[in-house]
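Student: Following is a predicted model, sequence given first.
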There are 4 protein chains.
Amino acid sequence: MIVMLKPNPERKQLDAFLSWLNERGMTVHVNQGEYHKIVGLIGDTSTLDIDMIRALDIVDDVVRLQEPYKNANRKFHPNDSVIDCGGVKVGGGNFQVIAGPCSVESEEQICLVAREVKKAGATMLRGGAFKPRTSPYSFQGLRDEGIRLLLEAKKETGLPIVTEIMDLSQLDLFDEVDVIQVGARNMQNFELLKALGHTNKPILLKRGLSSTLEELLMSAEYIMAGGNEQVILCERGIRTFETYTRNTLDISAIPSLKELSHLPIIIDPSHSTGKSKLVAPTAMAAVAAGADGLIIEVHNDPAHALCDGPQSLTPEAFAKLMVGINALRPFAYKREVTA
Amino acid sequence: MIVMLKPNPERKQLDAFLSWLNERGMTVHVNQGEYHKIVGLIGDTSTLDIDMIRALDIVDDVVRLQEPYKNANRKFHPNDSVIDCGGVKVGGGNFQVIAGPCSVESEEQICLVAREVKKAGATMLRGGAFKPRTSPYSFQGLRDEGIRLLLEAKKETGLPIVTEIMDLSQLDLFDEVDVIQVGARNMQNFELLKALGHTNKPILLKRGLSSTLEELLMSAEYIMAGGNEQVILCERGIRTFETYTRNTLDISAIPSLKELSHLPIIIDPSHSTGKSKLVAPTAMAAVAAGADGLIIEVHNDPAHALCDGPQSLTPEAFAKLMVGINALRPFAYKREVTA
Amino acid sequence: MIVMLKPNPERKQLDAFLSWLNERGMTVHVNQGEYHKIVGLIGDTSTLDIDMIRALDIVDDVVRLQEPYKNANRKFHPNDSVIDCGGVKVGGGNFQVIAGPCSVESEEQICLVAREVKKAGATMLRGGAFKPRTSPYSFQGLRDEGIRLLLEAKKETGLPIVTEIMDLSQLDLFDEVDVIQVGARNMQNFELLKALGHTNKPILLKRGLSSTLEELLMSAEYIMAGGNEQVILCERGIRTFETYTRNTLDISAIPSLKELSHLPIIIDPSHSTGKSKLVAPTAMAAVAAGADGLIIEVHNDPAHALCDGPQSLTPEAFAKLMVGINALRPFAYKREVTA
Amino acid sequence: MIVMLKPNPERKQLDAFLSWLNERGMTVHVNQGEYHKIVGLIGDTSTLDIDMIRALDIVDDVVRLQEPYKNANRKFHPNDSVIDCGGVKVGGGNFQVIAGPCSVESEEQICLVAREVKKAGATMLRGGAFKPRTSPYSFQGLRDEGIRLLLEAKKETGLPIVTEIMDLSQLDLFDEVDVIQVGARNMQNFELLKALGHTNKPILLKRGLSSTLEELLMSAEYIMAGGNEQVILCERGIRTFETYTRNTLDISAIPSLKELSHLPIIIDPSHSTGKSKLVAPTAMAAVAAGADGLIIEVHNDPAHALCDGPQSLTPEAFAKLMVGINALRPFAYKREVTA
């Protein structure tokens, strides 16, 4: 960490600052620049409150040279993490496809879709029980009943289930859920993250709509700091000025996160594009770039599909995409490990 | 609402769609365009699930002509709302300044700042008890103890207090708080919004970092749909590519929200700029543009200010700004009402 | 096009507007909505000035249902365009890799790189002669001498050359250049686009840093409206809040542009990521998603590489990537044509 | 400037780098951090090519501590610049209002508007002769004839004229123009900026739609590096996710640019909001925040106003706004100079 001081800092304040740093275990170098005194800190700066330092009267600016996250940092955990999701492994070369409907609607629907996606090659089942909707007048999901129906579908097909939590008060309902999903809008719901850090469930953490990769990893760090290291990162599209797609899939998030972190990274081509026609090409791109998995919306009988998003695939389109993915996978990019 | 159909929709599906719309009380006009059939809907479309319609097989695109919010909409409530905050009125010509430290640190600190800001002319006290921090290693606030200290400062000065809730499980602790603040990162924490809709407290709802005004008003709608109409909107800066300021204050949000809604709108110049030097000019701008109030960070003795943000004013700078604001107010823009 | 009128428009103004539309060949339908009269226009609305209409006193808002571009629109040209670039074909199943250094520095350098990339499988040579730099104090390129050196490298290797124009006054210098590149910052340099519309050279049109796909296609339309239909679109990363990568590669631009337009689309993984480590995985992703080509920075001897960007590959890394791309290509996504 | 080296840089490369820096007049300090060697540079780093350094094999990252612009930097020119625009002074306490129509349409129109805005208190006349339009099918302006008509209006009213240049080939036509405007889309048209740096005309430089303040100042630097120091900066709204306004006026650009630079800063409330109703409140905000001037669109007879934007004011609305501005000005924020 580099701290630039304002010109001519008061001696007393500077001394107080330097000894405060020493107490926190930092080795400190002070250099005189042309305009500023520059203080270089060596030590574990991830525990320093950068805003606190920036707020000091004598400080002009602070530059971090080191990532502010530790548990999620590949520097300290060079090997890929492998997360066990109800018996299905994600990461470290294990590629998985999670599929299912936007919302759970009925036992018939969720079981039907579960059978279809399993047949096509999906290895986990997704489905929304609690639905975050921008309008209070839109369908809010079947809630606890939705989770019950997902568990029925799991019983029938054996597929581990992934479903979204919206508030920490719902945690008890997720006892038998295999993977708890944190939605994009909750990526910085810090109270929820802390609570999930004290569970022993794998967490599928979706990137916020305008979050940076560092912010995503800081949210993972919240969970991991609580003791739960089973975090799967998920890129689901970020907000940009483009309007043809609902969001913009940040494809370079895959190799970038693999440089920065040891956690697995999966891609959601359905929500990032918002258009069913674009799901297959972007899913293929994610596979080629080295993603550890995909999460894809698949709907049931289109005639009843009042509740599926315009980004959902039919079971037929999904099955066809799985054929393409399986053919492509052997030729996908593999990260080179620099010794 | 205008629904564009795909070319040559199946007759049976179209009929089903049209009667579904009729059941929901819509009057429907169908026109044949050059490429698309176009369906115009007349009626209260705010209760229709636009994503549901967009997902239909026969639908190409949907354009809303009407705002999707009702309770927050000025069209249906032409007069300004006035919100009573522990005896202090906001909106409809009532201008208020909320001031106080970033975080509550001690009884001595919060009471000292409360006295200072009251003397300078602030009419409400702010202070963080629960602190949303990007890093799990940063100070997370005094939590319930922080609220207790705020209440002490209220007892001493009579200033109503405004403080942030981070999760609905904390709601009981806010019994004696005058105004509950919802932070930018929680603007779409829908479960929290629903719970606040069932309280009878004024809610200070901050705009999300990359949210549109419509999304802000939809979040207000969540609260209001539950029965609680006491919502104060707060623009606190949005994320842009600019890096000199922490965020970008959207000054036109003031007159825009006044067109769209009857709810009061206050401005947070401290968080939007992130730099104490920029607080005064942007606060003055907000007053000139017709804001109903300001929320400003003021810190105590700088020597102890390890916890205040770089955007905090000293009590002296705050007092000076209040003089400027009071001189400016009579010449501020006043919204013209078109008959 | 749908035009919403303000409530109670003046009869005389409405009549004037409707006959103005009729004169322009529009068929017009007027419907009375709950709040607004709604005017639906049928006809070739691409020639209507939407801002002009929006500015009319009686108009509240305008919604376009049809794309505002014609020549670039796939609706009117269902088959893929194939662009001949000095004997090398791009589009319609023809995949090409353009490679070369950031800047042309010397004859030795450009010829060396040209030989290397050709050996590895590149089919066109890129190299900057005119360099758009944010600082006036940075190296601005060899200019006309740079073009001369590129032509030397072409003579030696036979590779057609692609290089950037920065101003229409430079056009004469591009006489023997095979493909003229328009940089991201010039995507809306309309005078330049018009001038290029009167040449008979293939144009490589890069998307602006914060432009939408529609704006990119409107810029292509400027060139095509002048008579030059040889436009190759290039996605080179857009500006987002992410800072780990220099820009964010919009991978879904590939299938999206293929839906909207018949023009070929190539991807620049070097500039979009700004980091050499990320070039290979994003290049692979672009191939998998169905791009028509790639443009990649390759530098010469790293010891002299003071002028290459941090996103440049060594010739060895480039050769290795070409092997990966060639293995992947047969399994890439192929756009389905709906009858 | 701080340069972080990669772990264990090769001795030979490090030595070459350090002596290269010394040759450029830099004083260099090397510190060993926990993970990286850190090189601190002292000297005039604005002339160093930061990308060049970042590209070196041994370099991990570079952080600039100093602004990369010199001529535009307030550090080196502490006093406000005052720009003479055909006898009218801008900056250093001189506040001016530039007004006029979007496009010049006819002699009658431009002279009428010129008289009206002069009467209301405007001190310069604006009007578009060359019009940058996203569609090739939209009206492109009267071009040289438009400039001739502006000069007629100047002759009649004495108001200095401000009009936009779109390409350097048009420069001869601007001989009698008082202020040359560079539009937002041309802010990084570096060839144009260089050419303007060799004129002796005041330049009104508009900020690009997604440019940072630093980029704006770097573009000013291009002009100033050529010898022309008469640059007026103009904030005209930046692109954000908000759709209610056409762009988002960055109000804090005013005090921010005043910290960073000595150049005057004027605000365009018409283009930033895109809605005539929002012009007055945002113009008032700009005045309150300390802007040096405004540029406002005023149209002529609304009945003929097919060509004015929806953001134009009538002469009556403009006159009323001028009354408000004049009343507000004495109470506007004044920048404090820290000794």
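Tutor: Yes, it's here.
Student: Report pLDDT for the spatially closest residue to residue A:137 that is not a sequence neighbour.
Tutor: In space, and not counting its chain neighbours, residue A:137 is closest to residue B:47: 4.8 Å by CB to CB, 6 or more residues apart in numbering or on different chains. Bear in mind the C-beta positions are built from the backbone N, C-alpha and C, glycine included. With respect to pLDDT, residue B:47 has a value of 73.
Student: Residue B:47 - how many residues pack around it?
Tutor: Using other CB atoms under 10 Å in any protein chain shown, residue B:47 is surrounded by 14 other residues.
Student: okay, now the domains of chain A?
Tutor: Following automatic domain parsing, one gets these domains for chain A: A:2-63, A:83-331.
Student: Out of the ones you listed, name the one with the poorest average pLDDT.
Tutor: Looking at those, the bottom one is domain A:2-63 with a mean of 80.
Student: any idea how far it is from the chain center?
Tutor: Computed by CA atoms, centre = their mean, to the nearest Å, the chain-centroid distance of domain A:2-63 equals 33 Å.
Student: and residue A:132, how many neighbours?
Tutor: When neighbours are counted by other CB under 10 Å, residue A:132 registers 18.
Student: quick one, helices of the stretch 201-339 of chain A?
Tutor: For the stretch 201-339 of chain A, the helices defined by DSSP state H, counting those that start in this stretch cover A:213-225, A:253-260, A:269-273, A:276-288, A:315-328.
Student: list the helices and strands the shortest one packs on?
Tutor: This means helix A:269-273. helix A:276-288, strand A:293-297 (3 or more CB pairs under 8 Å, 6 or more residues apart in numbering or on different chains; DSSP states H and E).
Student: Write out the residues of the stretch 151-300 of chain A neighbouring chain B.
Tutor: A:166-170, A:185-186, A:188-192, A:194, A:209-210, A:215, A:218, A:221-222, A:225-226, A:239 (CB under 8 Å from any CB of the partner chain).
Student: ok, residue A:323 to residue C:288 distance?
Tutor: To residue C:288, residue A:323 is 14 Å away according to CB to CB, to the nearest Å.
Student: show me the contacts for the closest residue to chain C within the stretch 51-200 of chain A.
Tutor: Taking CB to the nearest CB, chain C has its nearest neighbour within the stretch 51-200 of chain A at residue A:67, 10.3 Å off. The contact partners of residue A:67, taken as CB atoms under 8 Å, 6 or more residues apart in numbering or on different chains, are A:46, A:73, A:75, A:214, A:217, A:260.
Student: now those residues: which count as buried?
Tutor: Listed as buried from those are A:46, A:73, A:214, A:217, A:260; burial here means 16 or more other CB atoms under 10 Å in any protein chain shown.
Student: hang on, the earlier thing: and the helices of the stretch 201-339 of chain A as a markdown table, adding distance to residue A:162?
Tutor: Listed next are the helices of the stretch 201-339 of chain A as a markdown table, based on distance: least, CB to CB, whole Å:
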| stretch | distance to residue A:162 |
| --- | --- |
| helix A:213-225 | 16 |
| helix A:253-260 | 19 |
| helix A:269-273 | 13 |
| helix A:276-288 | 17 |
| helix A:315-328 | 16 |
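Student: Show me the one of those that comes nearest residue B:20.
Tutor: helix A:276-288 (21.3 Å; CB to CB).
Student: can the closest one be found next to chain C?
Tutor: Yes. Between helix A:276-288 and chain C, judged by CB under 8 Å from any CB, the touching residues are A:277-278, A:280-282, A:284-288.
Student: and residue A:23, how many neighbours?
Tutor: For residue A:23, the count of nearby residues is 8 (other CB under 10 Å).
Student: One more: the one 3 residues further on?
Tutor: Other residues lying near residue A:26 total 18 when counted by other CB under 10 Å.
Student: Over to residue A:31?
Tutor: Residues contacting residue A:31 under the criterion other CB under 10 Å number 16.
Student: OK, contacts around it?
Tutor: A:37-40, D:29, D:31, D:40.
Student: before we move on, what about residue A:182?
Tutor: A:164-165, A:189, A:192-193, A:196, A:203-206, A:219.
Student: So in terms of bridging, what pairs with it?
Tutor: Beta bridges link residue A:182 to residue A:165, residue A:205, judged by DSSP bridges.
Student: Show me which residues of the stretch 51-200 of chain A sit near chain D.
Tutor: A:61, A:63, A:65-66, A:75.
Student: and which of those is nearest to chain B?
Tutor: Once CB to the nearest CB is applied, the member of those that ends up nearest chain B is residue A:61, at 9.5 Å.
Student: And for the closest residue in space to that closest one that isn't next to it in sequence, the neighbour number?
Tutor: Excluding the flanking residues, the one nearest residue A:61 by CB to CB, 6+ apart is residue A:4, at 4.8 Å. Residue A:4: 20 surrounding residues under other CB under 10 Å.
Student: So residue A:4 belongs to a helix, correct?
Tutor: No. Going by DSSP: H, G, I helix; E, B strand; the rest coil, the assignment for residue A:4 is strand, not a helix.
Student: how much space is there between it and chain B?
Tutor: Computed as CB to the nearest CB, to the nearest Å, the residue A:4 to chain B distance reads 13 Å.
Student: List the contacts of that residue.
Tutor: Applying CB under 8 Å, 6+ apart, the residues near residue A:4 are A:33, A:36-39, A:59-63, D:65.
Student: Same list, those residues, but as TSV with secondary structure please.
Tutor: Output for these, formatted as TSV (three-state DSSP):
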residue	secondary structure
A:33	coil
A:36	coil
A:37	strand
A:38	strand
A:39	strand
A:59	strand
A:60	strand
A:61	strand
A:62	strand
A:63	strand
D:65	coil
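Student: Out of those, which comes closest to residue C:21?
Tutor: Nearest to residue C:21 among the contacts of residue A:4, with distances taken as CB to CB, is residue A:61, at 57.5 Å.
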